[in-house]
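**Student:** Structure for this input, please:
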Amino acid sequence: MTDGPVSDALELGRVTDERPPFKYSALARVWFSDTDAQGVVYYGRYLPYFDHARTEYHRHVATFRIEGVEFVMRALEVEYVAPARFDDLLELFVRIRRIGTSSVTYECAAYRLPGDVLMVTATQTLVLVDLESRRPTRVPDELRDAVRAFEGADVEA
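**Tutor:** Have a look, this model is predicted:
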């Protein structure tokens, strides 16, 4: 990411108080390639949408890049509520619900705009893994502190 006026103007996510307990959202447009033969978003495409929102959340709250470790997906639960279609604009809400010893649990929700129609909800648990040993490792206090500063009392520890 570059510094300066161009990068300052390009925001792919934003802080919001529109849908508590979520405090952050990002936007995504449904592309034709995201749809299936019935013209609706293929169910698996919501995962990259939520990855996008989670990445922008990380960019806002704190860097989640830590030397020698990596977050890996441990568990994922998705509930599909309504179909999205080509060219729909989705607002993707994301928050960290819980920080465990070595894991972080996110809640996500996708709403179609305009109209705020709930499309999909998800819960994702990622585990911090040491790259050398491939074993879980403790989430650093600096990361915990940054998330708590942003999420406040809404994050479980």
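**Student:** List the contacts of residue 103.
**Tutor:** When contacts are counted by CB atoms under 8 Å, 6 or more residues apart in numbering, residue 103 is found next to 74, 125-128, 136, 139. The C-beta positions use only the backbone N, C-alpha and C, and glycine is treated the same way.
**Student:** Please repeat the previous calculation with a cut-off of 7 Å.
**Tutor:** 74, 125-127 (CB atoms under 7 Å, 6 or more residues apart in numbering).
**Student:** can you pick the most crowded of these?
**Tutor:** residue 126 (21 neighbours; other CB atoms under 10 Å).
**Student:** in the sheet, who's paired with that one?
**Tutor:** residue 73, residue 104 (DSSP bridges).
**Student:** thought it was touching residue 99?
**Tutor:** No. The pair residue 126 / residue 99 is not scored as a contact, 10.6 Å apart, by CB atoms under 7 Å.
**Student:** Where does pLDDT dip in the chain?
**Tutor:** 1-11 (pLDDT under 70).
**Student:** ok, now with 50
**Tutor:** For the chain, applying pLDDT under 50 flags the ranges 1-7, 9.
**Student:** Give me the most central residue, it.
**Tutor:** The centre of the chain sits closest to residue 54, judged by CA atoms, centre = their mean, with a distance of 2.4 Å.
**Student:** Distance from the chain centre to the host helix or strand of that residue, please.
**Tutor:** Using DSSP states H and E, residue 54 sits within helix 46-61. Mean C-alpha position of helix 46-61 versus that of the full chain (CA atoms, centre = their mean, to the nearest Å) differs by 4 Å.
**Student:** now do stretch 77-85
**Tutor:** Using CA atoms, centre = their mean, the offset of stretch 77-85 from its chain centre is 16 Å.
**Student:** Give me the buried positions along it.
**Tutor:** The neighbour-count criterion (16 or more other CB atoms under 10 Å) identifies 83-84 as the buried residues of stretch 77-85.
**Student:** for stretch 103-117, same thing?
**Tutor:** 103-112.
**Student:** As TSV, those residues with distance to residue 150 would be great.
**Tutor:** Listed next are the buried residues of stretch 103-117 as TSV, based on distance: CB to CB, whole Å:
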residue	distance to residue 150
103	18
104	13
105	15
106	13
107	14
108	16
109	18
110	21
111	21
112	26
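**Student:** Lovely, talk soon.
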